[in-house]
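*Asks:* Using only what follows, build the 3D model:
(chains A and B)
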Amino acid sequence: DTAVSQTPKYLVTQMGNDKSIKCEQNLGHDTMYWYKQDSKKFLKIMFSYNNKELIINETVPNRFSPKSPDKAHLNLHINSLELGDSAVYFCASSPTSGRAVETQYFGPGTRLLVL
Amino acid sequence: DAKTTQPTSMDCAEGRAANLPCNHSTISGNEYVYWYRQIHSQGPQYIIHGLKNNETNEMASLIITEDRKSSTLILPHATLRDTAVYYCIVMLGWNTGTASKLTFGTGTRLQVTL
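*Replies:* Just a heads-up that it's a prediction; the model follows:
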């Protein structure tokens, strides 16, 4: 049983294209995240949604637009793809139970290559 | 969030304890210390977290110094499957009203060998 799943696992596309990455969690969590890991392996948060509401929006180009149709899903749409968008994108989720700290559970990643 | 400093890499023999240090000298009183790891080609995995007291779970132990300026993650009996990049992260908890935002540094690459 996959807790946090992402599709596709690999995505190869041309510059200028528009693509979407999907994320689903079956943990019943309220909060979901998107992270980007670049070629130098730096892992940075991009967005966070809590109960379908955007709560974290780091300095990310407008070409990136997250969408949360429901609490279990957080998709990432990327317009006009650029070479620098090539990276591994990780989805994560965490509960919001009111406790002081919450563990984040990560998906397996989507490897995006822009040619 | 306070920054952390970790050694770039460490080696450990299989079956021995792996002790991974982390400095966080600018940590504030309400910031927690988290440890995550990332095995090659996988997503990060939570290991353990603590505030002041030492913590232990089925994966590891976390030793936090009394002044909270540094901590050590201990894998008591390292196996080859523990080979990964280990990240020490300092972060405010939810009860401070801030969103839970993990800021990953460069981490320590632990190589467990036979």
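
*Asks:* Centroid-nearest residue for chain A?
*Replies:* The centroid of chain A falls nearest to residue A:34 when counting by Cα atoms, centre = their mean (2.8 Å).

*Asks:* Ramachandran angles for that residue?
*Replies:* The phi and psi values for residue A:34, taken as degrees, to the nearest 10, are phi -120, psi 130.

*Asks:* Surely it is in contact with residue A:93?
*Replies:* No. Between residue A:34 and residue A:93 there is no contact under Cβ atoms under 8 Å: 10.8 Å. Backbone N, C-alpha and C define where each C-beta goes, glycine included.

*Asks:* Tell me which residue is most central in chain B.
*Replies:* residue B:35 (3.0 Å).

*Asks:* what residues are up against it?
*Replies:* Counting by Cβ atoms under 8 Å, 6 or more residues apart in numbering or on different chains, residue B:35 makes contact with B:20, B:22, B:46-49, B:60, B:62, B:73, B:86-89.

*Asks:* In ChimeraX, select just the buried ones from the residues you listed.
*Replies:* Selection of buried members from these for ChimeraX, criterion 16 or more other Cβ atoms under 10 Å in any protein chain shown:
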select /B:20,22,46,47,48,49,60,62,73,86,87,88,89
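
*Asks:* what's the closest of the contacts of residue B:35 to residue A:22?
*Replies:* Nearest to residue A:22 out of the contacts of residue B:35 is residue B:46 (Cβ to Cβ; 22.9 Å).

*Asks:* which stretches of chain B aren't confidently modelled?
*Replies:* B:1-2, B:93-100 (pLDDT under 70).

*Asks:* helix, strand or coil for the residue in it positioned nearest to chain A?
*Replies:* Closest residue of chain B to chain A, Cβ to the nearest Cβ: residue B:43 (3.2 Å). At residue B:43, secondary structure determined by DSSP: H, G, I helix; E, B strand; the rest coil is coil.

*Asks:* What residue, apart from its backbone neighbours, is nearest it spatially?
*Replies:* residue A:106 (3.2 Å; Cβ to Cβ, 6 or more residues apart in numbering or on different chains).

*Asks:* so the one you found bridges to which residues?
*Replies:* Beta bridges link residue A:106 to residue A:92, judged by DSSP bridges.
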